[in-house]
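Undergrad: Here is my input, please return the structure:
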Amino acid sequence: MTPKPHILVLADGFGAPSYNPRLRSLCDGLHAQGYALTVVVEHIADLPFEHDYPIHELRLYTGSKIDWAAKNIWGLLTDWKNRRFSTLVEQQFGAETFDIVLCSTFHTCPLRAAIDFGKRHHIPVITDIRDIAEQAPGNQVNYLAHQSRWLRMFVAPYQRINIRRRNEQLRQASHVTTVSPWHVEFIRHINPHTHLIYNGYDANTYTPEDVRSEEFIISYCGKFFGEPIQDATLLFEALAELKELPYKLLIHTNPEGQPLLRELAKRYGVSAEIEGYIPLSEVITLYRRSSILLVLTNQASAQNVHGMMTTKFYEALGVEKPVLCVRSDEECLAQVIRETNAGCVATTVEQVKAFILDKYREWHKNGFTRQMVNSEQKQRFTRQYQVTQFEQLISEAIRPQVSVIVPVYNAANYLTECVNSLINQDSQSPLQIILVDDGSTDNSQAVIRLFADNYSANPHRQVRMLTQQHAGQSVARNLGLQHATGRYICFVDADDWLDTDFVRTMLAAAAGNDVVQCGYRRTQNDGTTVETKVPQHPYQFVAPWGRLYHRDILQDVVFPEGMIYEDVVFSLRLWTRHPRTIILPYVGYHYRLSESSTTSRADKAAQSKLYTAIRATRAPWWLKLYTFIRLKIHFRQNK
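TA: Numbers count the residues shown, from 1 in each chain. Predicted coordinates for the structure are as follows:
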């Protein structure tokens with residue numbers, strides 16, 4: 001059995017006030033599936049739970065408010081906290097071997113540490129973003145909300161600076177996950193590889209159970225910030241008009257929210273028990289005794305919060321109690337409530353009243369209420385399903401994203417430089433480097449074997465050795481294509497090399513394109529650049545190198561065997577598929593002028609064979625004519 005990947009998990013904190021149930025549940029699930037986890041978090045408070053995997057806490061503050069304030073102000077100028085976290089992670093865990101970094105945060109720390117570690121160790125990074133500042137225009141929600149009020153004056157500059165820093169890190173992540181369709185749409189402008197993984201509920205904890213209650217209870221357990229984030233006015237207006245109904249309104253909320261809700265209750269003359277938080281065990285008991293569970297939100301708009309997928313909704317979904325969402329966000333949450341048939345998303349007092357009366361009648365008849373949710377849709381929001389989604393993403397991230405195929409024939413003098421340029425790519429995307437020895441008679445095979453021995457088991461820079469009797473680079477490239485597993489394909493000649501940012505630059509432009517093409521430098525053995533060329537149109541260069549191909553566009557496209565200038569036929573076969581091609585104003589490929597170059601002079605018979613192969617392609621007549629003219633000129637110049 002193939003061992004599960006070793007994951008370095010970096011997070012903002014597991015202690016109060018965040019607790020981070022999303023990541024804690026994910027780590028528990030991955031550990032149960034056999035993944036090796038090393039979890040590193042910022043120390044905020046003592047961990048209030050037991051765990052079966054190592055959790056290392058990094059203390060960044062002494063505990064005094066002066067120290068906290070001074071370091072945060074200094075961090076505005078220097079990004080001190082992120083840099084310190086990154087340094088500590090490297091010092092303490094840099095000697096260990098990991099397959100991937102998973103970073104979860106609701107602000108910026110420890111994004112830099114995750115990206116830095118991924119770069120240093122050439123491993124992919126998945127970043128899980130639970131909240132972003134832009135979801136709350138006007139800074140209604142801020143990262144300093146739990147701190148002293150005088151520090152809130154720094155919120156605006158703090159967020160502006162950290163948004164820029166956050167975006168810099170997100171652009172470099174292999175994948176990004178986030179919590180709502182709104183968040184996905186927003187973050188995809190920063191990183192196109194952004195995926196939706198909802199928050200959810202623990203299917204083993206939040207289970208439905210019909211519990212008879214002597215009282216018709218409407219309850220809410222969760223934070224309340226007041227307007228514009230949450231607007232409970234419709235609820236109190238409706239209850240004020242239902243004074244004859246024997247309901248009991250129970251609210252357990254944060255200290256800041258209690259006076260806001262008491263003021264609403266007083267204004268509308270509504271009886272309500274408004275108290276502080278209760279333990280989780282009591283929360284679940286209250287849920288099962290309740291006839292309606294409240295989800296307090298507000299309409300999403302340019303002034304209000306977007307993508308507010310509150311955990312309280314998922315918990316209510318788990319126990320299958322009727323949900324009254326007031327006021328409807330008319331966005332992501334409302335859509336999910338409708339899809340799951342979880343309850344009512346109200347925009348008017350009449351809707352609230354009608355829903356309460358309907359559930360009152362159900363309670364009066366049965367002694368309890370039960371919401372007939374869509375069970376198939378409900379499964380999408382379990383913590384267990386989240387683990388499956390992350391597992392799939394982890395598998396995708398650590399598999400080779402780019403397969404680099406290098407045909408090798410008597411290139412021992414240059415091969416080490418070529419392969420090192422591939423291994424040392426600064427991209428975090430995994431590379432599969434396929435070295436195909438074409439029956440070399442020099443020391444090339446020994447060089448290949450040395451790299452394969454050292455990197456064959458490395459999932460991030462995997463070097464694979466293939467051998468064949470001398471049959472030419474077309475056969476070698478085709479053999480490499482048969483063994484390539486990457487989503488993208490790249491060809492490099494054995495005496496050439498790449499700039500360290502080649503893969504990263506080409507991948508950054510790959511989304512939505514079949515071929516990414518760049519320029520090249522013709523270079524002498526001493527490193528002197530003779531010529532620099534950037535193509536003006538896709539048909540200008542026929543060489544297969546200097547391009548990144550999506551593997552789907554190369555399906556059944558192979559190099560013709562047994563002829564010279566096979567690149568021409570290969571490119572024509574490719575162009576008949578009308579690939580979406582983007583040309584970058586970037587020069588990252590070095591073409592070496594050397595004696596080992598595979599370019600050969602063509603006699604009349606070889607030219608005739610080449611022309612016949614060109615005619616046999618399905619390329620348009622004008623492209624064949626253009627190719628014939630260029631070849632005629634080339635052959636005349638190289639007699």
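
Undergrad: Wait, a strand at Arg338?
TA: No - read with DSSP: H, G, I helix; E, B strand; the rest coil, Arg338 is helix and lies in no strand.

Undergrad: right, and it touches Cys332 too?
TA: No - contact criterion C-beta atoms under 8 Å: Arg338 and Cys332 do not qualify, at 11.1 Å. (Glycine included, C-beta is placed from N, CA and C.)

Undergrad: the more surrounded of the two?
TA: Shown here are Arg338 and Cys332; by other C-beta atoms under 10 Å, Cys332 has more neighbours (22 against 15).

Undergrad: Quick check: phi and psi on the more buried one?
TA: Recorded main-chain torsions at Cys332 are phi -60, psi -50, according to degrees, to the nearest 10.

Undergrad: Please tell me how far it sits from Thr416.
TA: Per C-beta to C-beta, to the nearest Å, Cys332 is found 53 Å from Thr416.

Undergrad: Equivalent analysis for Gly480, please.
TA: Applying C-beta to C-beta, the value for Gly480 to Thr416 is 19 Å.

Undergrad: Between those two, point out the one with more neighbours.
TA: Ranked by neighbour count (other C-beta under 10 Å), Gly480 and Thr416 place Gly480 first, with 24 against 13.

Undergrad: Distance-wise, check the more buried one relative to Asn424.
TA: In this view, Gly480 and Asn424 are 21 Å apart by C-beta to C-beta.

Undergrad: Val9 now?
TA: 27 Å.

Undergrad: higher neighbour count, those two?
TA: Set side by side, Val9 and Asn424 show more neighbours around Val9, with 27 against 11, by other C-beta under 10 Å.

Undergrad: Enumerate the beta-bridge partners assigned to the more buried one.
TA: Under DSSP bridges, the beta-bridge partners of Val9 are Val39, Leu102.

Undergrad: from memory it sits against Cys27, does it?
TA: Yes - with contacts counted by C-beta under 8 Å, Val9 reaches Cys27, the gap being 6.2 Å.

Undergrad: Which residues are in contact with each of these two?
TA: Shared contacts of Val9 and Cys27 (C-beta atoms under 8 Å, 6 or more residues apart in numbering): 37, 39.

Undergrad: Point me to the helix or strand that includes Ile218.
TA: strand 216-221 (DSSP states H and E).

Undergrad: try Val447
TA: Assigned by DSSP H and E, Val447 falls within helix 444-455.

Undergrad: Tell me the first helix or strand C-terminal of that helix.
TA: Remark: after helix 444-455, the chain's next helix or strand is strand 461-468, criterion DSSP H and E.

Undergrad: Can you show me the CA trace of the very next helix or strand once past that following strand as CSV?
TA: Counting by DSSP H and E, the element after strand 461-468 in chain order, helix or strand, is helix 473-483. This file holds the C-alpha atoms of helix 473-483, laid out as CSV (Å, rounded to 0.1, in the frame of the first residue of the first chain):
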residue,chain,number,x,y,z
GLN,A,473,14.7,11.8,-30.8
SER,A,474,11.2,11.4,-32.3
VAL,A,475,11.0,7.9,-30.9
ALA,A,476,12.5,9.1,-27.6
ARG,A,477,9.9,11.9,-27.2
ASN,A,478,7.1,9.5,-28.1
LEU,A,479,8.3,7.1,-25.4
GLY,A,480,8.4,10.0,-22.9
LEU,A,481,4.8,10.9,-23.8
GLN,A,482,3.6,7.4,-23.1
HIS,A,483,5.0,7.7,-19.5
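
Undergrad: Distance from the following helix or strand past helix 473-483 to the middle of the chain?
TA: Elements were assigned by DSSP H and E; along the chain past helix 473-483, the next helix or strand is strand 488-491. Offset of strand 488-491 from its chain centre (C-alpha atoms, centre = their mean, to the nearest Å): 22 Å.

Undergrad: Could you list the residues in contact with strand 488-491?
TA: Contacts for strand 488-491 (C-beta under 8 Å, 6+ apart): 401-406, 477, 481, 503, 506-507, 510, 544-545, 547-551, 554.

Undergrad: Okay, and which of the residues you listed map to strands?
TA: Using DSSP state E, the members of the contacts of strand 488-491 that fall in strands are 402-406, 547-550.

Undergrad: Quick check on those: which are buried?
TA: The neighbour-count test (16 or more other C-beta atoms under 10 Å) marks 402-406, 547-550 as buried among the ones in strands among the contacts of strand 488-491.

Undergrad: Can I get the residues you listed in JSON lines including pLDDT?
TA: Shown next, in JSON lines, are these (pLDDT from 0 to 100):
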{"residue": "Val402", "pLDDT": "93"}
{"residue": "Ser403", "pLDDT": "95"}
{"residue": "Val404", "pLDDT": "97"}
{"residue": "Ile405", "pLDDT": "97"}
{"residue": "Val406", "pLDDT": "97"}
{"residue": "Arg547", "pLDDT": "94"}
{"residue": "Leu548", "pLDDT": "96"}
{"residue": "Tyr549", "pLDDT": "94"}
{"residue": "His550", "pLDDT": "90"}
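
Undergrad: Glu57: which of these is nearest?
TA: Val402 (36.6 Å; C-beta to C-beta).

Undergrad: before we move on, the earlier item: now, among the buried ones among the ones in strands among the contacts of strand 488-491, which is nearest to Gly269?
TA: Closest to Gly269 out of those is His550 (65.1 Å), distances taken as C-beta to C-beta.

Undergrad: So in terms of bridging, what pairs with that closest one?
TA: His550 has the following beta-bridge partners by DSSP bridges: Tyr488.

Undergrad: In contact with it, which residues?
TA: His550 makes contact with 487-489, 510, 513-515, according to C-beta under 8 Å, 6+ apart.

Undergrad: Then Ser213?
TA: 289-291, 363, 367-368.

Undergrad: Fine by me, thanks again.
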